[in-house]
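In: Provided below for reference: sequence and predicted model.
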Amino acid sequence: MRPMLAMVLPLALTFTDANETAPVGLLHDVTFDQYSSLSSVGEMHNRLLSPLVARRLGAAPHTQPVDLARERFTLYVPKQAPPNGYGLLVFVSPWDQAAVPPDWTGALDRRGMIFVSAERSGNDTDLMQRREPLALLAASNVLHRYPIDVTRVYVGGFSGGSRVAERLALAYPDLFHGALLNAGSDPIGTPEVPLPSANLFERFQASSRLVYLTGKNDTDHLDMDRRSRKAMNEWCVFDITPLEVPWSGHETPNAAAFSRGLNALEQHDPADPEKLNACREHYRDELKDDIARTRALVAQGDRTDAAAELQKIDARFGGLAAPFYDLAN
(Lines give C-alpha, C1' and ligand atoms only; values in the text may rest on other atoms or scores of the structure.)
Protein backbone atom coordinates (compact mmCIF):
# COMPACT_ATOMS: atom_id res chain seq x y z
CA MET A 1 0.00 0.00 0.00
CA ARG A 2 1.48 3.37 -0.98
CA PRO A 3 1.45 6.17 1.57
CA MET A 4 -1.30 8.72 1.79
CA LEU A 5 -0.43 12.06 0.20
CA ALA A 6 -2.44 14.98 1.49
CA MET A 7 -2.31 18.54 0.21
CA VAL A 8 -4.14 21.83 0.05
CA LEU A 9 -5.40 22.76 -3.42
CA PRO A 10 -8.19 25.13 -4.53
CA LEU A 11 -10.44 22.33 -3.30
CA ALA A 12 -9.19 20.38 -0.28
CA LEU A 13 -8.19 16.97 -1.63
CA THR A 14 -6.77 14.02 0.27
CA PHE A 15 -5.43 11.07 -1.68
CA THR A 16 -5.79 7.80 0.19
CA ASP A 17 -6.07 5.20 -2.57
CA ALA A 18 -2.89 3.99 -4.22
CA ASN A 19 -4.86 3.43 -7.42
CA GLU A 20 -5.93 7.06 -7.69
CA THR A 21 -4.00 9.25 -10.11
CA ALA A 22 -1.29 11.21 -8.34
CA PRO A 23 -1.81 14.97 -8.71
CA VAL A 24 0.22 17.06 -11.15
CA GLY A 25 1.01 20.75 -11.56
CA LEU A 26 2.11 23.17 -8.85
CA LEU A 27 1.19 21.79 -5.43
CA HIS A 28 1.58 23.71 -2.17
CA ASP A 29 1.34 22.56 1.46
CA VAL A 30 1.95 18.93 0.56
CA THR A 31 2.23 16.50 3.45
CA PHE A 32 4.04 13.16 3.45
CA ASP A 33 3.82 10.29 5.91
CA GLN A 34 6.48 7.78 4.86
CA TYR A 35 9.73 7.66 6.83
CA SER A 36 12.97 6.31 5.44
CA SER A 37 15.89 4.56 7.08
CA LEU A 38 18.11 6.94 5.09
CA SER A 39 16.91 9.87 7.22
CA SER A 40 17.31 8.16 10.59
CA VAL A 41 19.69 9.86 13.01
CA GLY A 42 22.01 6.86 13.07
CA GLU A 43 22.24 6.60 9.29
CA MET A 44 22.86 10.32 8.87
CA HIS A 45 25.58 10.21 11.52
CA ASN A 46 27.23 7.30 9.72
CA ARG A 47 27.14 9.03 6.35
CA LEU A 48 27.43 12.76 7.07
CA LEU A 49 29.86 12.84 9.99
CA SER A 50 33.39 11.56 10.39
CA PRO A 51 33.67 8.36 12.47
CA LEU A 52 35.14 10.02 15.55
CA VAL A 53 32.55 12.80 15.55
CA ALA A 54 29.71 10.31 15.05
CA ARG A 55 31.00 8.17 17.92
CA ARG A 56 31.32 11.19 20.20
CA LEU A 57 27.77 12.36 19.53
CA GLY A 58 26.13 8.96 19.75
CA ALA A 59 22.49 8.46 18.72
CA ALA A 60 19.47 6.22 18.97
CA PRO A 61 20.07 4.68 15.55
CA HIS A 62 16.48 4.48 14.34
CA THR A 63 15.26 7.84 15.66
CA GLN A 64 13.80 10.22 13.07
CA PRO A 65 14.72 13.89 13.66
CA VAL A 66 11.50 15.40 12.22
CA ASP A 67 7.79 14.81 12.67
CA LEU A 68 6.40 14.55 9.15
CA ALA A 69 2.89 15.41 10.31
CA ARG A 70 4.17 18.93 11.00
CA GLU A 71 6.07 19.39 7.76
CA ARG A 72 4.95 20.89 4.45
CA PHE A 73 6.50 20.64 1.00
CA THR A 74 6.09 22.32 -2.37
CA LEU A 75 5.93 20.13 -5.47
CA TYR A 76 5.90 20.79 -9.17
CA VAL A 77 4.90 17.75 -11.25
CA PRO A 78 4.86 17.96 -15.06
CA LYS A 79 1.60 16.75 -16.58
CA GLN A 80 3.28 14.13 -18.74
CA ALA A 81 5.65 11.53 -17.33
CA PRO A 82 8.41 10.30 -19.70
CA PRO A 83 8.20 6.62 -20.75
CA ASN A 84 10.82 5.58 -18.16
CA GLY A 85 9.37 7.73 -15.39
CA TYR A 86 9.93 11.24 -14.13
CA GLY A 87 13.25 12.69 -13.16
CA LEU A 88 13.41 14.25 -9.69
CA LEU A 89 15.18 17.35 -8.38
CA VAL A 90 15.15 17.74 -4.59
CA PHE A 91 15.88 21.41 -3.98
CA VAL A 92 17.27 22.88 -0.74
CA SER A 93 16.38 26.54 -0.39
CA PRO A 94 18.30 29.14 1.65
CA TRP A 95 14.91 30.58 2.66
CA ASP A 96 12.20 29.10 4.86
CA GLN A 97 9.59 29.41 2.13
CA ALA A 98 9.60 26.58 -0.41
CA ALA A 99 8.84 27.89 -3.87
CA VAL A 100 9.43 26.97 -7.50
CA PRO A 101 10.71 29.96 -9.49
CA PRO A 102 7.92 30.45 -12.07
CA ASP A 103 10.28 30.55 -15.04
CA TRP A 104 11.77 27.14 -14.12
CA THR A 105 8.62 25.16 -14.86
CA GLY A 106 9.18 25.15 -18.60
CA ALA A 107 12.55 23.40 -18.23
CA LEU A 108 11.04 20.94 -15.75
CA ASP A 109 8.24 20.18 -18.23
CA ARG A 110 10.65 19.63 -21.11
CA ARG A 111 12.75 17.22 -19.09
CA GLY A 112 9.84 15.51 -17.37
CA MET A 113 11.33 16.34 -13.98
CA ILE A 114 9.56 16.73 -10.64
CA PHE A 115 10.71 19.51 -8.30
CA VAL A 116 10.25 19.18 -4.53
CA SER A 117 11.37 21.47 -1.71
CA ALA A 118 10.68 21.55 2.03
CA GLU A 119 9.21 24.45 3.96
CA ARG A 120 11.08 25.82 7.00
CA SER A 121 14.41 24.50 5.76
CA GLY A 122 16.35 27.72 5.26
CA ASN A 123 19.87 28.73 6.26
CA ASP A 124 18.82 29.55 9.83
CA THR A 125 17.51 26.03 10.51
CA ASP A 126 19.55 23.11 11.84
CA LEU A 127 21.52 21.16 9.28
CA MET A 128 21.07 17.61 10.57
CA GLN A 129 17.87 18.14 12.53
CA ARG A 130 15.94 19.66 9.63
CA ARG A 131 17.59 20.56 6.33
CA GLU A 132 19.19 17.24 5.48
CA PRO A 133 16.49 14.87 6.77
CA LEU A 134 13.74 16.92 5.11
CA ALA A 135 15.51 16.67 1.75
CA LEU A 136 15.95 12.91 2.19
CA LEU A 137 12.32 12.43 3.20
CA ALA A 138 11.15 14.56 0.27
CA ALA A 139 13.05 12.28 -2.10
CA SER A 140 11.82 9.03 -0.57
CA ASN A 141 8.17 10.12 -0.50
CA VAL A 142 8.13 11.37 -4.10
CA LEU A 143 9.80 8.12 -5.15
CA HIS A 144 7.03 6.25 -3.36
CA ARG A 145 4.17 8.26 -4.86
CA TYR A 146 5.20 8.89 -8.48
CA PRO A 147 6.79 6.76 -11.22
CA ILE A 148 10.43 7.87 -11.04
CA ASP A 149 13.43 6.89 -13.12
CA VAL A 150 15.82 6.21 -10.23
CA THR A 151 18.83 6.99 -12.43
CA ARG A 152 17.54 10.57 -12.75
CA VAL A 153 17.26 11.53 -9.09
CA TYR A 154 19.25 14.66 -8.23
CA VAL A 155 19.71 17.12 -5.40
CA GLY A 156 20.29 20.84 -5.79
CA GLY A 157 20.05 24.13 -4.02
CA PHE A 158 20.85 27.81 -4.07
CA SER A 159 23.52 29.54 -1.96
CA GLY A 160 23.54 27.94 1.51
CA GLY A 161 21.08 25.35 0.23
CA SER A 162 23.56 24.39 -2.48
CA ARG A 163 26.19 23.65 0.16
CA VAL A 164 23.70 21.32 1.86
CA ALA A 165 22.99 19.66 -1.50
CA GLU A 166 26.72 19.03 -1.98
CA ARG A 167 26.92 17.24 1.39
CA LEU A 168 23.89 15.10 0.54
CA ALA A 169 25.18 14.17 -2.92
CA LEU A 170 28.50 13.10 -1.39
CA ALA A 171 26.95 11.03 1.40
CA TYR A 172 24.02 9.53 -0.53
CA PRO A 173 25.26 8.54 -4.00
CA ASP A 174 22.96 5.51 -3.81
CA LEU A 175 20.00 7.93 -3.82
CA PHE A 176 21.21 11.02 -5.68
CA HIS A 177 23.01 10.61 -8.99
CA GLY A 178 24.18 14.18 -9.20
CA ALA A 179 23.91 17.69 -7.82
CA LEU A 180 23.06 21.09 -9.26
CA LEU A 181 25.16 23.45 -7.15
CA ASN A 182 23.85 26.97 -7.67
CA ALA A 183 26.11 29.62 -6.12
CA GLY A 184 27.29 27.65 -3.12
CA SER A 185 29.93 24.94 -2.61
CA ASP A 186 32.74 23.79 -0.35
CA PRO A 187 35.91 21.70 -0.58
CA ILE A 188 35.39 18.08 0.44
CA GLY A 189 37.64 16.08 2.75
CA THR A 190 37.36 18.60 5.58
CA PRO A 191 35.71 18.53 9.03
CA GLU A 192 32.83 20.54 7.53
CA VAL A 193 32.34 18.19 4.54
CA PRO A 194 33.81 14.84 5.59
CA LEU A 195 34.23 11.95 3.18
CA PRO A 196 31.84 9.01 3.53
CA SER A 197 32.83 5.35 3.78
CA ALA A 198 34.96 3.87 1.00
CA ASN A 199 32.10 2.05 -0.74
CA LEU A 200 29.92 5.18 -0.83
CA PHE A 201 32.78 7.44 -1.88
CA GLU A 202 33.83 5.17 -4.72
CA ARG A 203 30.24 5.11 -5.92
CA PHE A 204 30.16 8.91 -5.77
CA GLN A 205 33.39 9.12 -7.78
CA ALA A 206 32.17 6.69 -10.42
CA SER A 207 28.53 7.63 -10.90
CA SER A 208 27.72 11.13 -9.61
CA ARG A 209 27.52 14.19 -11.83
CA LEU A 210 28.20 17.70 -10.48
CA VAL A 211 27.16 20.94 -12.17
CA TYR A 212 28.35 24.24 -10.69
CA LEU A 213 25.99 27.01 -11.84
CA THR A 214 26.91 30.50 -10.61
CA GLY A 215 26.46 34.08 -11.78
CA LYS A 216 29.40 35.53 -13.68
CA ASN A 217 29.39 38.58 -11.40
CA ASP A 218 29.12 36.51 -8.20
CA THR A 219 32.88 36.58 -7.64
CA ASP A 220 32.90 35.28 -4.07
CA HIS A 221 30.92 32.17 -4.94
CA LEU A 222 32.82 31.58 -8.17
CA ASP A 223 35.95 31.48 -6.02
CA MET A 224 34.23 29.01 -3.69
CA ASP A 225 33.35 26.89 -6.72
CA ARG A 226 36.96 26.86 -7.91
CA ARG A 227 38.18 25.69 -4.51
CA SER A 228 35.47 23.05 -4.34
CA ARG A 229 36.24 21.73 -7.84
CA LYS A 230 39.97 21.64 -7.04
CA ALA A 231 39.29 19.50 -3.98
CA MET A 232 36.94 17.27 -5.97
CA ASN A 233 39.66 16.63 -8.54
CA GLU A 234 42.25 15.96 -5.82
CA TRP A 235 39.86 13.37 -4.38
CA CYS A 236 39.35 11.76 -7.82
CA VAL A 237 35.94 13.25 -8.65
CA PHE A 238 36.03 14.21 -12.33
CA ASP A 239 32.47 14.24 -13.72
CA ILE A 240 32.08 17.99 -13.24
CA THR A 241 30.81 20.87 -15.39
CA PRO A 242 31.18 24.54 -14.35
CA LEU A 243 28.66 26.98 -15.86
CA GLU A 244 28.59 30.74 -15.45
CA VAL A 245 25.39 32.75 -15.88
CA PRO A 246 26.08 35.92 -17.90
CA TRP A 247 25.17 39.32 -16.38
CA SER A 248 24.11 37.63 -13.15
CA GLY A 249 25.17 38.08 -9.53
CA HIS A 250 24.19 36.11 -6.44
CA GLU A 251 20.70 35.12 -7.55
CA THR A 252 18.77 32.10 -8.71
CA PRO A 253 19.30 31.45 -12.43
CA ASN A 254 16.88 32.58 -15.08
CA ALA A 255 14.96 30.12 -17.23
CA ALA A 256 17.69 29.73 -19.86
CA ALA A 257 20.46 29.20 -17.29
CA PHE A 258 18.39 26.75 -15.26
CA SER A 259 17.64 24.80 -18.44
CA ARG A 260 21.36 24.70 -19.27
CA GLY A 261 22.07 23.44 -15.78
CA LEU A 262 19.53 20.61 -16.04
CA ASN A 263 20.82 19.63 -19.47
CA ALA A 264 24.39 19.48 -18.17
CA LEU A 265 23.30 17.54 -15.09
CA GLU A 266 21.98 14.72 -17.26
CA GLN A 267 25.09 14.42 -19.45
CA HIS A 268 27.00 11.91 -17.35
CA ASP A 269 30.66 11.60 -18.37
CA PRO A 270 32.19 8.77 -16.32
CA ALA A 271 35.88 8.87 -15.54
CA ASP A 272 38.31 6.59 -17.32
CA PRO A 273 38.70 3.55 -15.01
CA GLU A 274 42.49 3.54 -15.25
CA LYS A 275 42.71 7.24 -14.41
CA LEU A 276 40.30 6.79 -11.53
CA ASN A 277 42.11 3.80 -10.05
CA ALA A 278 45.50 5.49 -10.35
CA CYS A 279 44.15 8.56 -8.60
CA ARG A 280 42.64 6.50 -5.80
CA GLU A 281 45.99 4.84 -5.11
CA HIS A 282 47.48 8.19 -4.10
CA TYR A 283 45.12 8.81 -1.20
CA ARG A 284 45.06 5.12 -0.24
CA ASP A 285 48.84 5.19 0.09
CA GLU A 286 48.67 8.40 2.12
CA LEU A 287 46.10 6.86 4.46
CA LYS A 288 48.19 3.70 4.85
CA ASP A 289 51.25 5.78 5.79
CA ASP A 290 49.27 7.83 8.32
CA ILE A 291 47.77 4.70 9.87
CA ALA A 292 51.21 3.03 10.07
CA ARG A 293 52.62 6.10 11.85
CA THR A 294 49.72 6.06 14.32
CA ARG A 295 50.12 2.34 14.96
CA ALA A 296 53.79 2.93 15.70
CA LEU A 297 52.90 5.57 18.29
CA VAL A 298 50.44 3.17 19.93
CA ALA A 299 53.11 0.44 19.99
CA GLN A 300 55.50 2.85 21.70
CA GLY A 301 52.88 3.61 24.34
CA ASP A 302 52.54 7.22 23.18
CA ARG A 303 48.75 7.22 23.23
CA THR A 304 48.39 11.00 23.49
CA ASP A 305 50.26 11.63 20.24
CA ALA A 306 48.49 8.63 18.66
CA ALA A 307 45.11 10.11 19.54
CA ALA A 308 46.17 13.47 18.07
CA GLU A 309 47.29 11.77 14.84
CA LEU A 310 44.01 9.89 14.64
CA GLN A 311 42.11 13.17 14.96
CA LYS A 312 44.05 14.49 11.96
CA ILE A 313 43.28 11.32 10.00
CA ASP A 314 39.61 11.59 10.92
CA ALA A 315 39.45 15.22 9.78
CA ARG A 316 41.10 14.52 6.42
CA PHE A 317 39.86 11.05 5.48
CA GLY A 318 36.51 10.90 7.26
CA GLY A 319 34.72 7.63 6.59
CA LEU A 320 37.63 6.27 4.55
CA ALA A 321 39.42 5.80 7.87
CA ALA A 322 36.46 4.10 9.56
CA PRO A 323 38.15 0.67 9.86
CA PHE A 324 40.92 2.28 11.94
CA TYR A 325 39.06 4.78 14.11
CA ASP A 326 39.64 2.93 17.39
CA LEU A 327 43.41 2.72 17.02
CA ALA A 328 44.14 5.05 19.90
CA ASN A 329 41.69 3.48 22.38
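Out: Yep, it's here. Values in this document were obtained by computation on a predicted structure and should not be read as measured data.
In: CA atoms for contacts and neighbours, from now on please.
Out: Will do.
In: isn't Pro147 right next to Gly85, touching?
Out: Yes - counting by Cα atoms under 8 Å, Pro147 does reach Gly85; the two are 5.0 Å apart.
In: So the residue most central in space within the chain versus Val92, what's the distance?
Out: Geometric centre of the chain, nearest residue: Leu168, 2.2 Å, by Cα atoms, centre = their mean. From Leu168 across to Val92, the span is 10 Å (Cα to Cα, to the nearest Å).
In: list the residues that contact both of these two?
Out: Common neighbours of Leu168 and Val92 (criterion: Cα atoms under 8 Å, 6 or more residues apart in numbering): Val155.
In: what helix or strand does the residue nearest to the centre of the chain sit in?
Out: Per DSSP states H and E: Leu168 is located in helix 160-171.
In: Run the chain-centre distance for that helix.
Out: Distance of helix 160-171 from its chain centroid, counting by Cα atoms, centre = their mean, to the nearest Å, is 4 Å.
In: what do you get for stretch 88-104?
Out: The answer for stretch 88-104 is 15 Å, by Cα atoms, centre = their mean.
In: I'd say Gly112 and Pro83 touch.
Out: No - using Cα under 8 Å, Gly112 is not in contact with Pro83; the gap is 9.7 Å.
In: Tell me the pLDDT of Leu13.
Out: Per-residue pLDDT puts Leu13 at 26.
In: Next: Thr21.
Out: pLDDT recorded at Thr21 is 78.
In: what's the answer for Glu202, then?
Out: Glu202 carries a pLDDT value of 97.
In: With Phe324 instead?
Out: With respect to pLDDT, Phe324 scores 82.
In: Could I get the buried residue list for the strand ranked longest in the chain?
Out: The longest strand of the chain (DSSP state E) is strand 148-158. Judged by neighbour count using 16 or more other Cα atoms under 10 Å, the buried positions of strand 148-158 are 148-158.
In: State the mean pLDDT of that strand.
Out: 98.
In: Direction included, what does it pair up with?
Out: Strand 148-158 pairs in its sheet with strand 86-92 (parallel), strand 178-182 (parallel), by DSSP bridges.
In: now the last one, how far from the chain's geometric center?
Out: Here strand 178-182 is found 8 Å from its chain centre; the criterion is Cα atoms, centre = their mean.
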